[in-house]
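# based on what follows, work out the 3D shape:
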Amino acid sequence: MSHLDRVLARIDADFDASLSRLFDLLKIKSISTDPEFKGDCRAAADWLARELTGIGIAATVRDTDGHPMVVGHKTDTDKPGPHVLFYGHYDVQPVDPLDLWECDPFEPRVVSREDGTKMIVARGAADDKGQLMTFVEAARAWVAETGGLPLSVSVLLEGEEESGSPSLHPFLEANQEELSCDLALVCDTGMWDRETPAISTMLRGLVGEQITITAADRDLHSGMYGGAARNPIHVLADIIAGLHDESGKVTLPHFYDGVIDMPEDVTELWDALGFDHETFLGGVGLKHPAGEADRSALEQIWTRPTCEINGIWGGYTGAGFKTVIPSQAHAKLSFRLVGDQDPDQIRLAFRTHVREHLPDDCEVSFSKHGGSPALRLDFDSPALAKGRQALTEEWGKEAALIGCGGSIPIVGDFKSMLGMDSMLIGFGLDDDKVHSPNEKYEMSSYHKGIRSWARVLDALSQD
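Numbering: from 1, shown residues only. Model (predicted):
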């Protein structure tokens, strides 16, 4: 029996104990955004450091200006394969509204369905405690069966991901040499469906802007000034309307510089996934893709840049009616970036567009919110091929290489600050209700997730 076979058998035999350990972690109320739970966040960090150290990954709790980091290492220069850095987060979202939970959010339970499948219900079950524990338990099984890990492993677990990770950037900067490895492994992602594992190979970047247009020095009576005075809401609406053409394309000059089309073999893989935009949009009460007319909905989400209006306000919006011409109008916009688009150039192009379309008697101010480039893992990466094969062997279905329409800032920091690519492997599902009442994690995701990481570690260690 090979080392891997023994490790997989150990995982199966000890699964009840693995589940019990996950429950112990889920019971800790590590809500990072609420100061009332500061002690609980520390308790979660301490718990994880003890668990890691107990399986030979020497770990310490590192203080920050916010909640602590957990850093652990088990390195062996004689081990083949890359030195990997595993990342996860132990903090969770608030539980409100509490009355919509079917049980205490911090008293985890297993719920069985009529078809025999089971799910773990608790705050943090999927995001991210269940996910990070799949890796910890895989490492535990390797150490228990072989006395070590098949390659050098470092671990970074943070406690502020759900509150914007304010301490993460300075922590990476201060510990750059210690944390720089060959490859990052990130678990905060999902599967294509409940039977099909996936590796997220692309993340869209993000540029956020808030804009304020000011005309008169105060709100005006629309009867006395209407028609003669400039209305900043009109101005803002015209500017926003001009950001897209009739085909759905963004009109900013050079906006599509750096946007790349996917290789034909990749698009063929995506076509085979059977994505149905009517089902996807129907889940939120819509029917028709609204982006670029010559692109599929899946392309629009994964491989195309966007310009979205996230909020717009001005004037009187309270009860009743108030006939004013407002002094100011405001909007929040976000640009999702792909390929090699430059966040600074996109921001400059937007601000230039606004200023060029600003009429007399108006001033504009901008507020910057975020600016990160898109990221992608080379489709020819040996690590990607090994990880994909390992997942395929575990799940019995070819692992999908998928995109991610959102952004995960830590992956950008790993690339820009530590020079590492990231392989994103997670076992969450779209219906896990993350950030919502009755958050759950499939029992199959937890069990086969542990087995999957055991296989991935073995595969990465092979020449």
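
# quick one: list the elements packing against the helix or strand hosting residue 240.
Using DSSP states H and E, residue 240 sits in helix 232-241. Judged by 3 or more Cβ pairs under 8 Å, 6 or more residues apart in numbering; DSSP states H and E, the packing partners of helix 232-241 are strand 205-214, strand 306-314, strand 328-337. Where C-beta positions appear, they are placed from N, C-alpha and C, glycine not excepted.

# quick one, it and strand 306-314 angle?
Interaxial angle of helix 232-241 relative to strand 306-314 (axes from the mean of the first three to the mean of the last three Cα atoms, to 10 degrees): 170 degrees.

# got the buried residues for helix 232-241?
Across helix 232-241, burial judged by 16 or more other Cβ atoms under 10 Å covers 232, 233, 235, 236, 239, 240.

# quick one: that helix to chain centroid distance?
Taking Cα atoms, centre = their mean, to the nearest Å, one finds helix 232-241 lying 32 Å from the centre of the chain it belongs to.

# domain ranges for the protein?
Using automatic domain parsing, the domain ranges for the chain come out as 3-203+374-461, 205-259+305-372.

# quick check: which of the ones you listed is nearest to residue 298?
Closest approach to residue 298 among the domains of the chain (Cβ to Cβ): domain 3-203+374-461, 8.1 Å.

# now the closest one: mean pLDDT?
Mean pLDDT, domain 3-203+374-461: 96.

# kindly check the end-to-end length of it for me.
Taking Cα to Cα, to the nearest Å, domain 3-203+374-461 runs 12 Å from one end to the other.

# which residues touch the residue most central in space within the chain?
When Cα atoms, centre = their mean is applied to the chain, the residue found nearest the centroid is residue 408 (4.1 Å). By Cβ atoms under 8 Å, 6 or more residues apart in numbering, the contact set of residue 408 is 186, 188, 189, 203, 424.

# 7 Å - rerun?
186, 188, 203 (Cβ atoms under 7 Å, 6 or more residues apart in numbering).

# most tightly surrounded among the domains of the chain?
Among those, domain 3-203+374-461 has the highest mean neighbour count (mean count of other Cβ atoms under 10 Å), at a mean of 19.

# next one: it to chain centre, how far?
The chain centre lies 12 Å from the centre of domain 3-203+374-461; the measure is Cα atoms, centre = their mean.

# equivalent analysis for stretch 243-261, please.
The chain centroid and the centroid of stretch 243-261 are separated by 25 Å, computed with Cα atoms, centre = their mean.

# let me see the residues that make contact with that stretch.
Outside stretch 243-261, the residues that reach it (Cβ under 7 Å, 6+ apart) are 242, 290-293, 305, 307, 338-342, 346, 349-350, 353.

# do the same with stretch 164-178
Stretch 164-178 has contacts (Cβ under 7 Å, 6+ apart) with 64, 65, 66, 69, 158, 160, 179, 409, 410, 413, 417, 418.

# and if we set it to 10 Å?
32-33, 62-69, 71, 73, 85, 87, 89, 91, 154, 156, 158-161, 179-180, 409-410, 413-414, 416-419 (Cβ atoms under 10 Å, 6 or more residues apart in numbering).

# now, these that are in helices?
Judged by DSSP state H, helices contain the following of these: 179, 409, 410, 413, 414, 416, 417, 418.

# you'd agree the third one is up against residue 188?
This means residue 410. Yes: the criterion here is Cβ atoms under 10 Å, and residue 410 meets it with residue 188 at 8.4 Å.

# list the residues that contact both of those two?
In contact with both residue 410 and residue 188: 87, 88, 89, 161, using Cβ under 10 Å, 6+ apart.

# which SS class is residue 340?
coil (DSSP: H, G, I helix; E, B strand; the rest coil).

# which SS state does the spatially closest residue to it that is not a sequence neighbour fall under?
In space, residue 340 comes closest to residue 258 once its chain neighbours are excluded; the distance is 3.5 Å by Cβ to Cβ, 6 or more residues apart in numbering. Following three-state DSSP, the label given to residue 258 is coil.

# just the pLDDT for residue 258.
Value for residue 258, per-residue pLDDT: 95.

# how near is it to residue 373?
As for residue 258, its distance to residue 373 is 9 Å (criterion: Cβ to Cβ, to the nearest Å).

# would you state the helices of the stretch 101-250 of the chain in chain order?
Secondary structure of the stretch 101-250 of the chain (DSSP state H, counting those that start in this stretch): helices located at 129-146, 168-174, 176-179, 222-225, 232-241.

# intersection of neighbour lists for residue 258 and residue 373?
Common neighbours of residue 258 and residue 373 (Cβ under 10 Å, 6+ apart) are 337, 338, 339, 340, 341, 342, 346.

# who does the first one form a beta bridge with?
With DSSP bridges applied, residue 337 shows beta-bridge pairing to residue 205.

# ok, it touching residue 373?
Yes: Residue 337 lies in contact with residue 373 (Cβ under 10 Å); the separation is 6.2 Å.

# what do those two both touch?
203, 204, 205, 206, 207, 258, 343, 346, 407.

# so what touches stretch 342-349?
Stretch 342-349 has contacts (Cβ under 10 Å, 6+ apart) with 205-209, 250-255, 257-258, 305, 307, 335, 337, 366, 368, 370-374.

# could you export the helices of the stretch 101-250 of the chain as JSON lines, including distance to residue 27?
Shown next, in JSON lines, are the helices of the stretch 101-250 of the chain (distance: least, Cβ to Cβ, whole Å):
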{"stretch": "helix 129-146", "distance to residue 27": "10"}
{"stretch": "helix 168-174", "distance to residue 27": "25"}
{"stretch": "helix 176-179", "distance to residue 27": "29"}
{"stretch": "helix 222-225", "distance to residue 27": "58"}
{"stretch": "helix 232-241", "distance to residue 27": "47"}
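
# out of those helices, which gets nearest to residue 120?
Of these, nearest to residue 120 by Cβ to Cβ is helix 129-146, at 6.4 Å.

# and the closest one, C-alpha only, in CSV?
In CSV, the C-alpha atoms belonging to helix 129-146 read as follows (Å, rounded to 0.1, in the frame of the first residue of the first chain):
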residue,chain,number,x,y,z
LYS,A,129,-13.6,27.2,8.9
GLY,A,130,-14.8,24.1,7.2
GLN,A,131,-12.6,24.9,4.2
LEU,A,132,-9.4,25.6,6.1
MET,A,133,-9.9,22.5,8.3
THR,A,134,-9.9,20.3,5.2
PHE,A,135,-6.3,21.2,4.7
VAL,A,136,-5.4,20.9,8.4
GLU,A,137,-7.0,17.5,8.6
ALA,A,138,-5.2,16.3,5.4
ALA,A,139,-1.9,17.4,6.9
ARG,A,140,-2.8,15.6,10.2
ALA,A,141,-3.4,12.3,8.3
TRP,A,142,-0.1,12.6,6.4
VAL,A,143,1.8,13.2,9.7
ALA,A,144,0.0,10.4,11.5
GLU,A,145,0.7,7.8,8.8
THR,A,146,4.2,8.8,7.5
